[in-house]
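# Fold the following, please.
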Amino acid sequence: MSKKVTERQRNFLQRWSVQVPPTLKAASTLIGFIKSGNGTVGKTQEERVKILRSAQDHLIGKTVQIRGDEQSGKGRVLYLLALTPEQVMEENRDRRMEGQHYSVGAFEAVVSWKESDGSHCGRFLKIGLLKVDSSSDPVKEVD
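Got it, this is the predicted structure:
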């Protein structure tokens with residue numbers, strides 16, 4: 001079972017008006033991103049907070065699909081995590097080795113995914129892979 005967010009983490013994120021995720025790990029990644037960045041976007045804490053809040057507003061609670069794979073079904077974004085600088089470096093290295101020359105995004109989304117049998121599972125997905133489904137009610141679609 002995941003550890004819960006500490007009061008100190010909650011206070012830090014709330015001071016920046018950032019939505020607080022439910023787990024210690026997720027909160028830690030967001031705080032690390034705000035304080036130091038991860039090599040993707042935002043030069044200052046203020047810039048990184050604006051980017052994070054914008055990503056949260058755009059995705060959390062929304063129904064999403066994987067771009068180019070509409071057959072995979074739909075899920076609902078529960079919260080975001082920030083990639084660590086090490087994850088960003090590793091993914092950028094892997095992409096260069098594969099001949100891909102685009103940069104890695106700053107965040108991953110935790111998505112409650114509705115499986116074909118009707119069950120739900122949690123998935124960690126890069127936000128660049130997600131397409132927001134604007135034609136549906138985000139809550140009613142997957143619940």
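# tell me which residues in the biggest helix by length in the chain are buried?
In the chain, assigned by DSSP state H, the helix with the most residues is helix 45-59. Neighbour-count burial for helix 45-59, counted by 16 or more other CB atoms under 10 Å, picks out 48-49, 51-52, 55-56, 59. C-beta here means a position set from N, CA and C on the backbone, and glycine is covered the same way.
# which helices and strands does that helix pack with?
In terms of contacts (3 or more CB pairs under 8 Å, 6 or more residues apart in numbering; DSSP states H and E), helix 45-59 is packed against helix 24-36, strand 75-82, strand 107-114, strand 130-132.
# Report the angle between whichever helix or strand comes after the second one and helix 24-36.
Past strand 75-82, heading to the C-terminal end, the next element that is a helix or strand (DSSP states H and E) is helix 85-97. Per axes from the mean of the first three to the mean of the last three CA atoms, to 10 degrees, the angle that helix 85-97 makes with helix 24-36 is 80 degrees.
# circling back to that earlier point, let me know which of the helices and strands packed on helix 45-59 is the nearest to Glu90.
Checking those against Glu90 by CB to CB gives strand 107-114 as the closest, at 13.5 Å.
# avg pLDDT for that closest one?
Per-residue pLDDT over strand 107-114 has a mean of 91.
# Can you dump the C-alpha atoms of that strand in CSV for me?
The C-alpha coordinates for strand 107-114 follow below in CSV (Å, rounded to 0.1, in the frame of the first residue of the first chain):
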residue,chain,number,x,y,z
PHE,A,107,5.1,14.5,-16.3
GLU,A,108,3.4,11.1,-16.2
ALA,A,109,-0.3,10.6,-15.5
VAL,A,110,-1.8,8.0,-13.2
VAL,A,111,-4.9,6.8,-15.1
SER,A,112,-7.7,4.6,-13.9
TRP,A,113,-8.2,2.5,-16.9
LYS,A,114,-11.4,0.6,-17.7
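# Great, nothing more from me.
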